[in-house]
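[1] The following comprises the amino acid sequence and a computationally predicted model.
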Amino acid sequence: MLHENPDAIVRVHDRYLTNGAEIIITASYQASIPGFQKHLGVSCEESKILLKSSVELARKAIQQHSDKTKDSKEIFIAGSVGSYGAALADGSEYTGDYCNEITHEVRIFNFIPS
């Protein structure tokens, strides 16, 4: 959705805000740079931009909601970050099976290749 229909994400955030949410979650769970590269064929830099857009879309929804309702209450954004195993899409986020295979560099840099 971040890549193909970002406006749908803003609309979903707006529905939550309209119904009283005070915290919205970025649309980034299980999103990863390697996943975007593999499945969307985008570059590492484009992948980083897509991940950052999940926060920008949440901010956009909050701004639009505030403009529409004239409500000045503070709305928070929570980053939705899955475990490294979630990016592998093999269920290992539940078992931790990836822990013995992951390199020190990946642990340190949060699986963000240069």
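    Arrived safely. Computed from a prediction, not measured in an experiment: that's the story for all the values here. Numbers count the residues shown, from 1 in each chain.
[2] Show me how far the longest helix anywhere in the chain is from its chain's centre.
    Ranked by residue count, the top helix of the chain under DSSP state H comes out as helix 44-69. Here helix 44-69 is found 10 Å from its chain centre; the criterion is C-alpha atoms, centre = their mean, to the nearest Å.
[3] Which residues does the next helix-or-strand element following that helix contact?
    Note on helix 44-69: by DSSP states H and E, the next helix or strand toward the C-terminus is strand 76-78. Residues external to strand 76-78 that are found in contact with it (C-beta atoms under 8 Å, 6 or more residues apart in numbering): 22, 23, 24, 25, 26, 55, 58, 59, 62. From N, CA and C alone the C-beta is placed, and that goes for glycine too.
[4] try it again with 10 Å
    Contact with strand 76-78 is made by 13, 21-26, 54-55, 57-59, 61-62, as judged by C-beta atoms under 10 Å, 6 or more residues apart in numbering.
[5] Go ahead and build a ChimeraX selection from the buried members of those.
    To isolate the buried ones among the contacts of strand 76-78 in ChimeraX, judged by 16 or more other C-beta atoms under 10 Å, type:
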select :13,24,25,26,54,57,58,61,62
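[6] Tell me who's in contact with residue 6.
    Neighbours of residue 6 in contact, by C-beta under 10 Å, 6+ apart: 27, 50, 53, 54, 56, 57, 60.
[7] I'd like these laid out as JSON lines, including pLDDT and distance to residue 69.
    JSON lines is the format used below for these (pLDDT from 0 to 100; distance: C-beta to C-beta, whole Å):
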{"residue": "27", "pLDDT": "93", "distance to residue 69": "22"}
{"residue": "50", "pLDDT": "93", "distance to residue 69": "29"}
{"residue": "53", "pLDDT": "95", "distance to residue 69": "24"}
{"residue": "54", "pLDDT": "95", "distance to residue 69": "23"}
{"residue": "56", "pLDDT": "97", "distance to residue 69": "20"}
{"residue": "57", "pLDDT": "97", "distance to residue 69": "18"}
{"residue": "60", "pLDDT": "97", "distance to residue 69": "15"}
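[8] can you tell me which two in those are farthest apart?
    Farthest apart among the contacts of residue 6 by C-beta to C-beta are 50 and 60. That separation is 14.9 Å.
[9] ok so, going back, counting neighbours, which of the contacts of residue 6 comes out on top?
    residue 57 (24 neighbours; other C-beta atoms under 10 Å).
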